[in-house]
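Asks: Provided below are the primary sequence and the corresponding predicted coordinates.
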Amino acid sequence: MAKVREVAGGGRAVEVPPERLTGWFERFVGRHGGIVATSGTPHEVRVSAADGTTAAATVPFGPLAAPSVDTLVAHALLPRTIALVLVRRGGHSIGIACDGRIGVSRTGRHLVQGRSAAGGWSQQRFARRRAGQARHALQDAADDVFEVLVPRLSEVDAVVLGGDRRALDELRADRRLAPLFARAEPRVLDVGEPSYAVLEDAAVRALSVQVTLRDG
């Protein structure tokens, strides 16, 4: 089943697996009275329906040479090897996936305590301890990315990120990881606490096409 989430401006975004993309657009056309227009750029294909509803598909692993629904589907179905980096403050899971299946991977978990309701010096000590735990967790994540993924960048077609954007930004500041972040896709997957199971799900989701629906 396609994953759906609300987006700014009143629209909703749907993650559609490549093999279901043709059927998804056929159902969209049937529900909304047919197609009025199709337009596009190298990074987006937009379909406008008769009732005013639009479906804008973001091109993954772009750009797309000749934007259309057919070329988007063909592009999305190409086999790909992807490096995945999923990070939150308490853990990380990284790996390389070929056509949605994980090959090499590494997962790490660390205790990062929640916020304290106490005040005064106790709260300050707690905050310093928590910040130290978070730094340690992110340093371990950076080391694993450097050891596992950076040496294999020549083997992958793209890099997909997921998790907490602040944590990812802290990893981005590590100069050792610059070659990896330079190849990262714009979309950041929204994932739960990183684990191998979450990594497996992300490997499939990374291949999906995000379509943003807006009512007329």
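Replies: Cool, got the structure. Numbering: from 1, shown residues only.

Asks: burial count for the closest residue to residue 17 other than its chain neighbours?
Replies: What sits nearest to residue 17 in space, not counting adjacent residues and going by CB to CB, 6 or more residues apart in numbering, is residue 208, at 5.2 Å. No exception for glycine: its C-beta is placed from N, CA and C like everyone else's. By the criterion of other CB atoms under 10 Å, residue 208 has 21 neighbours.

Asks: how near is residue 208 to residue 142?
Replies: Distance, residue 208 to residue 142, by CB to CB, to the nearest Å: 27 Å.

Asks: Check residue 167 too.
Replies: For residue 167, the distance to residue 142 (CB to CB) stands at 10 Å.

Asks: What of residue 190?
Replies: 22 Å.

Asks: neighbour-wise, which of these two wins?
Replies: residue 142 (19 against 13).

Asks: Quick check: the more buried one is in a helix.
Replies: Yes. Residue 142 forms part of a helix when assessed by DSSP: H, G, I helix; E, B strand; the rest coil.

Asks: Check which strands are paired with the helix or strand containing residue 40 and give the direction for each one.
Replies: Assigned by DSSP states H and E, residue 40 falls within strand 35-41. Strand pairing for strand 35-41, using DSSP bridges, gives strand 44-49 (antiparallel).

Asks: Packing partners of the helix or strand following the strand it pairs with?
Replies: Next along the chain after strand 44-49, taking DSSP H and E as the criterion, comes strand 54-58. For strand 54-58, the elements it packs on are strand 44-49, strand 209-214, judged by 3 or more CB pairs under 8 Å, 6 or more residues apart in numbering; DSSP states H and E.

Asks: For the residue most central in space within the chain, give me phi and psi.
Replies: For the chain, the residue nearest the mean C-alpha position is residue 189 (2.7 Å; CA atoms, centre = their mean). Here is the backbone geometry of residue 189 (degrees, to the nearest 10): phi -70, psi 140.

Asks: Next up, the contacts around it.
Replies: Going by CB atoms under 8 Å, 6 or more residues apart in numbering, residue 189 touches 86, 160-163, 202, 205-206.

Asks: Repeat that for residue 96.
Replies: Residue 96 touches 81-84, 102-105, 149, 152, 155-156, counting by CB under 8 Å, 6+ apart.

Asks: Give the rounded mean pLDDT of stretch 17-24.
Replies: Taken as a whole, stretch 17-24 has a mean pLDDT of 96.

Asks: Kindly report the same for stretch 173-189.
Replies: Mean predicted lDDT for stretch 173-189 stands at 96.

Asks: ok so, going back, dihedrals phi and psi, the residue nearest to residue 17?
Replies: phi -70, psi 160.

Asks: Surely it and residue 13 touch.
Replies: No. Assessed by CB atoms under 8 Å, residue 208 is found out of contact with residue 13, at 10.6 Å.

Asks: got the CA positions of stretch 208-216 in PDB?
Replies: Output of stretch 208-216 as PDB, limited to C-alpha atoms (Å, rounded to 0.1, in the frame of the first residue of the first chain):
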ATOM      1  CA  SER A 208       9.500   4.900  -4.800                       C
ATOM      2  CA  VAL A 209       8.300   7.900  -6.600                       C
ATOM      3  CA  GLN A 210       6.900  10.700  -4.500                       C
ATOM      4  CA  VAL A 211       3.700  12.100  -6.000                       C
ATOM      5  CA  THR A 212       2.100  15.300  -4.500                       C
ATOM      6  CA  LEU A 213      -1.700  15.600  -5.000                       C
ATOM      7  CA  ARG A 214      -3.500  18.900  -4.800                       C
ATOM      8  CA  ASP A 215      -7.200  19.300  -5.200                       C
ATOM      9  CA  GLY A 216      -8.700  21.700  -7.700                       C
END
